[in-house]
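> Prediction below, plus the sequence it came from.
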Protein chains: 4
Amino acid sequence: MEMPTKRLELLYAAARAFAEQGFDSANINEIASQAGLGKGTVYLYFANKKALYLGVIEYTVTSFNNLADHIMALPVSNWEKIEQVVHTFLTLDEEFIPFLTLWARHQFHHATEFQEDMAQIFSRLRQPLCEIVAAGVEQGEFHTEYPETMGYVILSLLAMLVPELQVPYGMPTIPRDQRSTLALDVIRKILGVNLEP
Amino acid sequence: MEMPTKRLELLYAAARAFAEQGFDSANINEIASQAGLGKGTVYLYFANKKALYLGVIEYTVTSFNNLADHIMALPVSNWEKIEQVVHTFLTLDEEFIPFLTLWARHQFHHATEFQEDMAQIFSRLRQPLCEIVAAGVEQGEFHTEYPETMGYVILSLLAMLVPELQVPYGMPTIPRDQRSTLALDVIRKILGVNLEP
Amino acid sequence: MEMPTKRLELLYAAARAFAEQGFDSANINEIASQAGLGKGTVYLYFANKKALYLGVIEYTVTSFNNLADHIMALPVSNWEKIEQVVHTFLTLDEEFIPFLTLWARHQFHHATEFQEDMAQIFSRLRQPLCEIVAAGVEQGEFHTEYPETMGYVILSLLAMLVPELQVPYGMPTIPRDQRSTLALDVIRKILGVNLEP
Amino acid sequence: MEMPTKRLELLYAAARAFAEQGFDSANINEIASQAGLGKGTVYLYFANKKALYLGVIEYTVTSFNNLADHIMALPVSNWEKIEQVVHTFLTLDEEFIPFLTLWARHQFHHATEFQEDMAQIFSRLRQPLCEIVAAGVEQGEFHTEYPETMGYVILSLLAMLVPELQVPYGMPTIPRDQRSTLALDVIRKILGVNLEP
DNA sequence: AATGAATGAGGCTTCATTCAT
DNA sequence: CATGAATGAAGCCTCATTCAT
């Protein structure tokens, strides 16, 4: 799928603006400037502001799915896949953070924009953690009665630990190099994984 | 339920509107109507739209703190306090849900509105879970190296399970009567609480 | 005509507000407060804001006419009457200044408010200077081909010299005790009055 | 007369509206229409209503200064310069009248709008009459002890005689062709100029 | 493909006015 | 007579969107 550069630049500029200011406050003019384009040109790539927003979300879902596909295809144990997911999440490229911010805002349902369209787009979002936990439970590697729910719990945990993503008000900042350890420690407890004997 | 003052009716109508539509899309005119008032009357109680929004957040924080104060004052074990928090969270009055929605949107930092003012208001928000976990760890009741962080992790877990609060996209709906059990089960694991000796 | 105190206080408060801020910017609420009354009470004395404004102008015209009547009835020469007018103008009571301000604003036609009503009210305003000049010309005391117009020219001169009334931008402030002399000097020239021989 | 820029058309439309209705009552929407533009277009040229008003005043001051510069540069006697000023004032283009109206409203201090900004703008307004009178006095051509004040007195006289500018209430209308004569006659008396030797 | 001048719907906010007490 | 809570018309201003170039 060939993606013209300008369209991609627009998506990145839009993601930054939407993540920082929200849908309503974000300014089409400013987004265009940030993408090195004139205001009117935006409308050659996207029908309107809403379409631009949905375009950003689409791009986010596709990117996430690509990461998920890659990890799921690895010939390793479920636990090692989880380690991969954690590592991937906690070392995302900085310029991807705005997309991650928007994803979190919708994934955990706090955003109000276009909920109908969101439901449709998010239905295509792969949830590797859920898949891994389910597989692990089936293979006796993990132990939980609610594998899918635990997938989301872990996801939420990771979102709280992602660097650059704003952590909850009041939560102490975990040093970068301890995040992985902390996350895996909690996940191990949740999934009842035995440390090596 | 009888609503004592006009100001309070406004806060509830505003909370519903802001939770459903966000700050920008919410309409002062509509909020006033919902509160059974004329447009201009809103400005007798709040200087402007922003003040109304902050008023809603203030009310939320105060309400939460009252609940927290009550629970923290109970003469019971830390674990029982956690049970109280879980129960309180999962059985909040339906008309409080809009406030909860707004709280979640800011607590987990996904909202963009008035971040400076939010920081100030949220600095006054008590975090009973953090307090309880810290006390429990000190008294040997719980075991974790990151008591405060675990407080927030548990908080996030509860937010995901609150009925009527929109759960994460894709997460299966947990039956009402199993939510408490599920939450306490996970919390027990996270905090290393022994079931029965 | 018995004038209730409250009505008069309202007129003074209104004159101050209208003179300082103009008709549109003046605030009924504030005027009421200044008069020691509640907002709603204003409407017991005046039908609406416009009627209040016209009431102020009416009061101004009546006051001016009373002064004029007094001076015109004096058994003195025309020149001495002019001296009286000048003196009266330059020593008006401070609390009358707002009325004078409003008068000047309309007399010299720069104000936009209610021009139709103003024409009617101002048609009742006596112009003693015009009368005096006309009489003086007839009696050979003054010399000018445009007696009425000269009356207005002199009036304008006085308005520029009235203490507390804002003088034109840039015009140097004439010391209080020289104003009378200056005015009479110019008037003498305009009317061709011979100094005593 | 061809109007070069949109900005200029706006200034003229605004001047008409502000002169006729005052700052508060004038309607941005209507001004835009009068200038053949849409409401929003006004804001491409002026930041807000106040800026538009100040723009009009600025334009007035600049125009006046241009006229003054031209007259002051003429190689003629001071009296002839005064004749030029009188002639210029009394034959101003009709479409300049709104600007003149606004100028008079502020020059003679009856307007309430933006007095701080006005003081600044008016400080740049040249007063040719004051300059001419001062020069004439110095050169023995005129005789008065208050040259600067007399400049403003003459200015006020002219303002009262400008055609189309609303004259004072009650003042008889001087036929167009006699205004110049009348004005010069009074000025001559004020400045003690000898008719013919 | 690119632009940005022009537009006007929409929304917040003010404040004169009303009216029940 | 007096009040002030409540109202809603009116107007400024923003900004997504259009379209002629």
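Sure thing, it's come through.
> mind listing the strands for chain A?
Counting by DSSP state E, one finds no strands in chain A.
> Point me to the residue of it nearest DNA strand E.
Residue of chain A nearest DNA strand E, by Cβ to the nearest atom of the strand: residue A:40 (1.8 Å). C-beta coordinates here come from the backbone N, C-alpha and C atoms, glycine included.
> What is the neighbour count of that residue?
9 (other Cβ atoms under 10 Å in any protein chain shown).
> Which strands and helices lie in contact with the top helix by length along chain A?
If you go by DSSP state H, chain A has its longest helix at helix A:49-72. Packing partners of helix A:49-72 (3 or more Cβ pairs under 8 Å, 6 or more residues apart in numbering or on different chains; DSSP states H and E): helix A:5-25, helix A:28-34, helix A:78-90, helix A:97-107, helix A:115-122, helix A:128-138.
> Of all residues in chain A, which one is nearest the centre?
The centroid of chain A falls nearest to residue A:100 when counting by Cα atoms, centre = their mean (4.4 Å).
> pLDDT value on that residue, please?
Reading off the confidence values, residue A:100 has pLDDT 97.
> And residue A:101, how close does it get to chain D?
From residue A:101 across to chain D, the span is 32 Å (Cβ to the nearest Cβ, to the nearest Å).
> pretty sure that residue is touching residue A:162, no?
No. Between residue A:101 and residue A:162 there is no contact, the gap being 9.3 Å when judged by Cβ atoms under 8 Å.
> Looking at the two, which is more packed in?
More crowded of residue A:101 and residue A:162, by other Cβ under 10 Å: residue A:101, with 23 against 18.
> Show me which residues of chain A are close to DNA strand E?
Applying Cβ under 7 Å from any atom of the strand, we find that chain A lies next to DNA strand E at A:6, A:37, A:38, A:39, A:40, A:41, A:43, A:44.
> quick one, phi psi at residue A:38?
phi -80, psi 160 (degrees, to the nearest 10).
> residues near the residue nearest to it when sequence neighbours are not counted, how many?
Once flanking residues are discounted, residue A:38 sits nearest to residue A:32: 6.1 Å by Cβ to Cβ, 6 or more residues apart in numbering or on different chains. By the criterion of other Cβ under 10 Å, residue A:32 has 19 neighbours.
> which residues does the residue of chain A found nearest chain C contact?
Here chain A gets closest to chain C at one residue, residue A:25, 31.9 Å apart by Cβ to the nearest Cβ. Residue A:25 makes contacts with B:24, B:112, as judged by Cβ atoms under 8 Å, 6 or more residues apart in numbering or on different chains.
> can you check residue A:175 too?
Residue A:175 touches nothing, counting by Cβ under 8 Å, 6+ apart.
> circling back to that earlier point, relative to residue A:49, how far out is the residue of chain A closest to DNA strand E?
Distance of residue A:40 to residue A:49, given as Cβ to Cβ, to the nearest Å: 14 Å.
> that older thread, what residues does the longest helix of chain A touch?
So helix A:49-72 is contacted by A:10-11, A:14-15, A:18, A:23, A:28, A:31, A:42, A:45-46, A:81, A:84-85, A:88, A:96, A:99-100, A:102-103, A:106, A:113-114, A:117-118, A:121-122, A:124-128, A:131-132 (Cβ under 8 Å, 6+ apart).
> angle of it against helix A:78-90?
140 degrees (axes from the mean of the first three to the mean of the last three Cα atoms, to 10 degrees).
> Can you point out the buried residues in helix A:49-72?
Going by neighbour count (16 or more other Cβ atoms under 10 Å in any protein chain shown), the buried part of helix A:49-72 is A:49, A:52-57, A:59-61, A:64, A:67-68, A:71.
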